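# sequence plus the predicted model coming up.
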Amino acid sequence: MNLNFDIKEKQLLDFYCDKIKQRTFDEHDIYAFYILVRGHLENTEKYDKNNSTNSRKYKWISELGDLIAHRERREGVVWQNIVNALQNGYKTISGSQEILDYKGIADGELQNEFTHLLGELNCKVTAQILDEIVLCTFSILQSSRYVDKQKNVVGEVKLIQFIDGLGLITVGNPQDKKQPWVCLARLEGQFTTKKFPCWYNIKKPIEVIRHNGELAIKYDGQII
């Protein structure tokens, strides 16, 4: 990571790192944090479009940061996942339910990247903080899209509720209601005190805020 932040960036960085360490952040702070650090990731640390299976240091932070900055894209690892799934007819790897040539975010993988990144910034965090950063990330990414008009392919990132937590899924050409959903990432944990009224498919935008000092999810005007 390029740590050569200018004096204004350093001021902003200190502000957001303090909020992260003190657990006073919400999704708006994490949105700004992604925007701030994405330009300081080295090319050798980012997702390699020529090698989607690479294990570079900040593969997912760079990919998701680009999608956060540009909510409609037509490149990147998630885009390639959507295209691969469509082209392969959603075939699965033999003996599993894993979609062929679809590289999702493994459990804990994004948290691990943030552990390294925040370590470089001398920002010590706990496992709870890391999960909360991921929760904010999931909320920010809700309803982001991938569009290639020339190929007539549209992909969307949706937020869903599992029995044991929340997840991001992708769907290719969502106007076709028969298109299957594919899990991109999961986050285990109890983040609400009651179920979403829509159950698994969270149709309206959520907002991750601080409520009485704790991170909470706001949905349709109510803390749930």
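That came in fine, so what should we check first? Residues are numbered from 1 along each chain as shown.
# could you point out which element follows the helix or strand encompassing I61?
Using DSSP states H and E, I61 maps to helix 59-69. The C-terminal neighbour of helix 59-69 among helices and strands, as given by DSSP H and E, is strand 72-73.
# what angle do the longest strand along the chain and helix 59-69 make?
Longest strand in the chain by number of residues (criterion: DSSP state E): strand 153-162. Strand 153-162 and helix 59-69 meet at an angle of 110 degrees, taking axes from the mean of the first three to the mean of the last three Cα atoms, to 10 degrees as the criterion.
# could you list the buried residues of strand 153-162?
By 16 or more other Cβ atoms under 10 Å, the buried positions in strand 153-162 come out as V153, V154, G155, E156, V157, K158, L159, I160, Q161. Backbone N, C-alpha and C define where each C-beta goes, glycine included.
# alpha carbons only: can I get it in PDB?
The C-alpha coordinates for strand 153-162 follow below in PDB (Å, rounded to 0.1, in the frame of the first residue of the first chain):
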ATOM      1  CA  VAL A 153     -25.600  -8.500 -20.200                       C
ATOM      2  CA  VAL A 154     -26.800  -6.900 -17.000                       C
ATOM      3  CA  GLY A 155     -25.800  -8.100 -13.500                       C
ATOM      4  CA  GLU A 156     -27.000  -6.900 -10.100                       C
ATOM      5  CA  VAL A 157     -25.700  -7.300  -6.600                       C
ATOM      6  CA  LYS A 158     -28.600  -8.000  -4.100                       C
ATOM      7  CA  LEU A 159     -28.700  -8.300  -0.300                       C
ATOM      8  CA  ILE A 160     -30.500 -11.300   1.200                       C
ATOM      9  CA  GLN A 161     -31.100 -12.600   4.600                       C
ATOM     10  CA  PHE A 162     -30.000 -16.100   5.600                       C
END
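# which elements pack onto it?
Strand 153-162 sits against helix 77-87, helix 127-141, strand 145-148, strand 165-172, with contacts defined as 3 or more Cβ pairs under 8 Å, 6 or more residues apart in numbering; DSSP states H and E.
# can you point out the buried residues in the longest one?
With burial defined by 16+ other Cβ under 10 Å, the residues of helix 127-141 counted as buried are 129-141.
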